[in-house]
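Peer 1: Okay, sequence plus prediction incoming.
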Amino acid sequence: MADSNDVFDVIVIGAGPVGLTVAARAVRGGLTAVVVEDRLAGGECEYYACIPSKALLWPMELAAEVDRMPGLQLRGPIDTAAVLARRDDTVSHRDDGHEVNLIEKLPATFVRGRGRLAGPLRAEVSTDGGDRRVLRARHAVVLATGSIPAVPDVPGLRQAGPWTNREATSVQQVPKRLVVLGAGPVACEMAQALHSLGAEETTMLVRGERLLTHAEPFAGELVARSFRETGIDVRFGRSAVRVERTAPDGPVTVHTDDGARIDADEILVGTGRRPAIDDIGLDTIGLRADGPITVDASMRATAVPDGWLYAVGDVNGRNLLTHMGKYQGRVCGDVIAARARGGPEDAPGLRDTADDRGAPQVVFTEPQVSTVGRTEARARADGFTVRTAEYDIGEVAGALVRGVGYGGWAKLVVDEDRRVLLGATFVASDMADMLHSATIAVNAEVPLDQLWHAVPPFPTVSEVWLRLLEQCGL
Ligand SMILES: Cc1cc2nc3c(=O)[nH]c(=O)nc-3n(C[C@H](O)[C@H](O)[C@H](O)COP(=O)(O)OP(=O)(O)OC[C@H]3O[C@@H](n4cnc5c(N)ncnc54)[C@H](O)[C@@H]3O)c2cc1C
Ligand SMILES: NC(=O)c1ccc[n+]([C@@H]2O[C@H](COP(=O)([O-])OP(=O)(O)OC[C@H]3O[C@@H](n4cnc5c(N)ncnc54)[C@H](O)[C@@H]3O)[C@@H](O)[C@H]2O)c1
C-alpha cells in the first residue's frame, strides 16, 4: 500500500528542463509536486545536448571572428584539451546536485528511479537498488521523458557502436577521421564542432540534396559552403549501405550507395530522434502510442479520458527545442494549477499558441542559422498570399565594422493580405540574439507599417531590418 506521503497533487516523470519547469510552475500555483528522474536531473539538454554542444562550438565561432579582423590573431590553434575541460565545467562534470537542490528548494520532492504509469493518476518508481515506490496524484501526471536518438537500420551500423549526441558531446578523444550521417542540427553542429577540434577528415553523408531542410534553402547552401571551405567533405545524395567494425576499439568502414568506402575512427548518427515512451506504462492506461503523445493546447493527452495525463517537451513531438518545451511546461504547470483551483481557464498564458507558428531556432554553426515562423514554402502551402524580401547582410554598414568578409543572407516572409510577418531567416555569424526581434514581430503580428517605426541603431547588423522593409515597399 502506498505511504500517505506518496500522494502529491502532481507527479512529473522526467527531470529534463521541461519537467523541471512544470514542477516549478505547479508549485508556484500552490500545488505539491514530485519529480521522478532515472538519470540526471537537468536532462539531455544540460549534459548531452544544448549546453555541451555549444561549449564545443563557441571556440570555433570566436576563432572565425578573430580571423576576420585584421590586426588580431590567435596565439595558436584551438587547444582541444582546454576546450574539453571547459565543456566539462559547463556540464558540472555530470553532477546533478545543483538541480536536485533547486527542485527541493521549490519545494518539491525528488525521487531518483525509473518512473512508469501504473493506472490512472498513479505511477511506480523502480530505484537502482531494486525498490519499488508507488506514487499517487490528486490532479495530474505529467510525462516529460524527452526523446532518444533514432538509429537508422543500416546493416552493421548498430553492431559498430555508432556515436550519438551522447558520445559526441562527451568526447574525450576527438577522432581524427569521422563519418557523420544526417543533415539536421545535430549532424551539422557536431560535425563542425568536432572538425574544429581535430576531426581532420570529416565526411558528411547527406541522403538528400540539402542541409538543414527545416530552414529556407539558402541556409543549408551557406552552411554547406562554409563546411566545404574549412575542409568538411559534404556528400549530397549519398547514404551508408553497410558499416563494419571488426574490433570494438578498431576503425570503422562505411560503404556508401555509390560503391565508395570510407575508413574512419568513428561514425556519428544525427538522423533524428524518437519520443522516449518505451516501457513507461502506457499500456496500463490502455494508451497505444508508437510516436509522440498527442496533446491539446493545454498539454493534455488527447487520448486519455478524464484529462489527468499531460505530455510536454520532446515526448509530445511538437518542437524538439528546449525553449519551446519550457514554454509548454509553463503552460502545463499553470493549467494544472488553474484546473485544481477550479479557476477560469481563459487567461492567455494557459494555452500554447506559439508552437504552430514556427518556433524560433538557432543552429549554432558557423555561420549561424536563425529562423522563426514559416518558411516561404510552408507559408505558400498554408495558403497565404506571400511576399518575400531578401537582403545581403554583408551590405549593411554594421557588417563592415565586423571584419573582412563578414556577411550572410536574410529573408522575410510576409502575409501580403494582412501586411504582417509570417517568418524570418538570418544566416550569418553571431546573429543568434537578433532572432528575438523577429520572434516578437511574428508572434505579435506587428503590422509592417508599424515595424517601419522600429528604427535599428547605426552601425549595427540589425540595420538589415530597414533594408528588408524597404524591399517590402516601405
Ligand atoms: C546534440 C543536441 C543539441 C541540442 N541543442 C539544442 C539547442 O541548442 N537549443 C535547443 O533549444 N534545443 C537543443 N536540443 C534539443 C533539446 O535538447 C531538447 O529539446 C530538450 O532536451 C527537451 O527537453 P525535455 O525535458 O523534453 O527532455 P530531456 O532533456 O530529454 O529530459 C528528459 C528526462 O527524462 C528522463 N526520463 C526519461 N524516461 C524516464 C523515466 N521513465 N523515468 C524517469 N525519468 C525518465 C531522462 O533521463 C531525462 O533526464 C539539442 C538536442 C541535441 C540532441
Ligand atoms: N541548435 C538547436 O536548436 C538544435 C541542435 C540540435 C538538435 N536540435 C533539435 O533536436 C532534434 C533532433 O535533431 P536531429 O538533427 O537529430 O534531427 P532532425 O530530424 O532535425 O534531422 C535529421 C536528419 O537526418 C536525416 N536522416 C533521417 N533518417 C536518415 C537515414 N536513415 N539516413 C540518412 N539520413 C537520415 C534527415 O534527412 C535529416 O536531415 C531536432 O528537432 C532539432 O531541431 C536543435
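Peer 2: Alright, I've got the coordinates. Residues are numbered from 1 along each chain as shown. Ligands and ions are numbered 1, 2, ... in the order given.
Peer 1: Please make it C-alpha for all contacts and neighbour counts, starting now.
Peer 2: Will do.
Peer 1: Pop out the phi and psi values for the residue in the stretch 51-200 of the chain positioned nearest to ligand 1.
Peer 2: Nearest to ligand 1 in the stretch 51-200 of the chain, going by Cα to the nearest ligand atom, is residue 146, at a distance of 3.2 Å. Taking degrees, to the nearest 10, you get phi 80, psi -150 for the backbone angles of residue 146.
Peer 1: What is the neighbour count of it?
Peer 2: 30 (other Cα atoms under 10 Å).
Peer 1: Can you verify my assumption that it contacts residue 14?
Peer 2: Yes: Residue 146 is in contact with residue 14 according to Cα atoms under 8 Å; the separation is 7.5 Å.
Peer 1: check contacts around the residue of the stretch 51-200 of the chain closest to ligand 1.
Peer 2: When contacts are counted by Cα atoms under 8 Å, 6 or more residues apart in numbering, residue 146 touches 14, 16, 44, 275, 276, 313, 314, 315.
Peer 1: any idea of the pLDDT on it?
Peer 2: pLDDT recorded at residue 146 is 98.
Peer 1: start the count at 41, not 1, going forward
Peer 2: Sure, I'll start counting at 41 from here, so that last one is residue 186.
Peer 1: Columns pLDDT, distance to residue 433 and secondary structure on top of the contacts of residue 186, output as TSV?
Peer 2: Shown next, in TSV, are the contacts of residue 186 (pLDDT from 0 to 100; distance: Cα to Cα, whole Å; DSSP: H, G, I helix; E, B strand; the rest coil):
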residue	pLDDT	distance to residue 433	secondary structure
54	98	42	coil
56	98	37	coil
84	98	34	helix
315	98	38	strand
316	98	40	coil
353	98	34	helix
354	98	33	helix
355	98	37	helix
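Peer 1: which of the residues you listed sit farthest apart?
Peer 2: Greatest spatial distance among the contacts of residue 186 (Cα to Cα): 56 and 315, at 13.5 Å.
Peer 1: overlap in contacts of the two?
Peer 2: Shared contacts of residue 56 and residue 315 (Cα under 8 Å, 6+ apart): 185, 186.
Peer 1: Just want to know which of the two has more residues nearby.
Peer 2: It is residue 56, of residue 56 and residue 315, that has more neighbours when counted by other Cα under 10 Å, with 27 against 23.
Peer 1: wait, that one sits on residue 79?
Peer 2: No: here residue 56 does not reach residue 79: they are 9.8 Å apart, not a contact under Cα under 8 Å.
Peer 1: can you give me the strands in the stretch 91-240 of the chain?
Peer 2: 149-152, 154-157, 162-166, 172-183, 187-189, 217-221 (DSSP state E, counting those that start in this stretch).
Peer 1: Out of these, which gets nearest to ligand 2?
Peer 2: Of all the strands of the stretch 91-240 of the chain, strand 217-221 comes closest under Cα to the nearest ligand atom, at 5.5 Å.
Peer 1: elements contacting that closest one?
Peer 2: helix 225-236, strand 241-246, strand 301-304, strand 306-309 (3 or more Cα pairs under 8 Å, 6 or more residues apart in numbering; DSSP states H and E).
Peer 1: wait, which of those is closest to ligand 2?
Peer 2: helix 225-236 (3.8 Å).
Peer 1: Mind checking if that closest one is in reach of ligand 1?
Peer 2: Yes: among the residues of helix 225-236, residue 226 lie within reach of ligand 1 under Cα under 6 Å from any ligand atom.
Peer 1: quick one: contacts of that helix?
Peer 2: 93, 96-97, 100, 118, 205, 208-209, 214, 220-222, 241-242, 244, 251-252, 267, 272, 308-311, 403-405.
Peer 1: Run the angle between it and strand 241-246 for me.
Peer 2: 170 degrees (axes from the mean of the first three to the mean of the last three Cα atoms, to 10 degrees).
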